[in-house]
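Chemist: Fold the following for me, if possible:
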Amino acid sequence: MRVAFLGLGIMGRSMAGNLVKAGHEVAVWNRSPGKQVDGARVSATPAEAVPGAEVVWLCVSDTNAVEQVLFGPSGVEQSLQPGRHLRQRDDGGRQGIPASKPAAE
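Modeler: Numbering: from 1, shown residues only. All right, here's what the predicted structure looks like:
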């Protein structure tokens with residue numbers, strides 16, 4: 001499976017690494033440059049990571065970060081193809097993907 005994984009913090013980096021180990025084709029992006037995952041393709045922007053991905057995973061810190069990754073100037077929205085899956089991982093206590101802006105349909 002082709003996966004775009006956005007957010008390589010404490011949880012995200014391990015999750016993306018496990019996807020690579022499981023044999024998936026993974027493109028990664030992180031807000032702070034320099035983080036990478038062995039075996040994954042590093043992308044300069046969220047939008048660059050998404051083309052061709054069947055699943056897009058977000059693992060960022062809060063709602064503002066989610067909005068920037070999805071709808072910011074280099075956000076996922078401009079590259080997400082219809083029918084693709086978008087998943088978010090957070091601590092369970094924060095608001096999830098904003099309902100006010102639609103994902104690709």
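
Chemist: And the contacts of the lengthiest helix in the chain?
Modeler: Identified as the longest helix of the chain according to DSSP state H is helix 10-21. Residues outside helix 10-21 that contact it (Cβ atoms under 8 Å, 6 or more residues apart in numbering): 3, 5-6, 8, 26, 28, 30, 35, 37-40, 57, 59-60, 89. Where C-beta positions appear, they are placed from N, C-alpha and C, glycine not excepted.

Chemist: How far does that helix sit from its chain's centre?
Modeler: Between the centre of helix 10-21 and the centre of its chain there are 12 Å (Cα atoms, centre = their mean, to the nearest Å).

Chemist: Next, the buried residues of the very next helix or strand once past it.
Modeler: Next along the chain after helix 10-21, taking DSSP states H and E as the criterion, comes strand 25-29. Buried residues in strand 25-29, counted by 16 or more other Cβ atoms under 10 Å: 25-29.

Chemist: now swap in stretch 69-83 and tell me
Modeler: 69-70, 74-77, 79-80.

Chemist: now swap in stretch 14-22 and tell me
Modeler: For stretch 14-22, burial by neighbour count (16+ other Cβ under 10 Å) applies to 15-17, 19-20.
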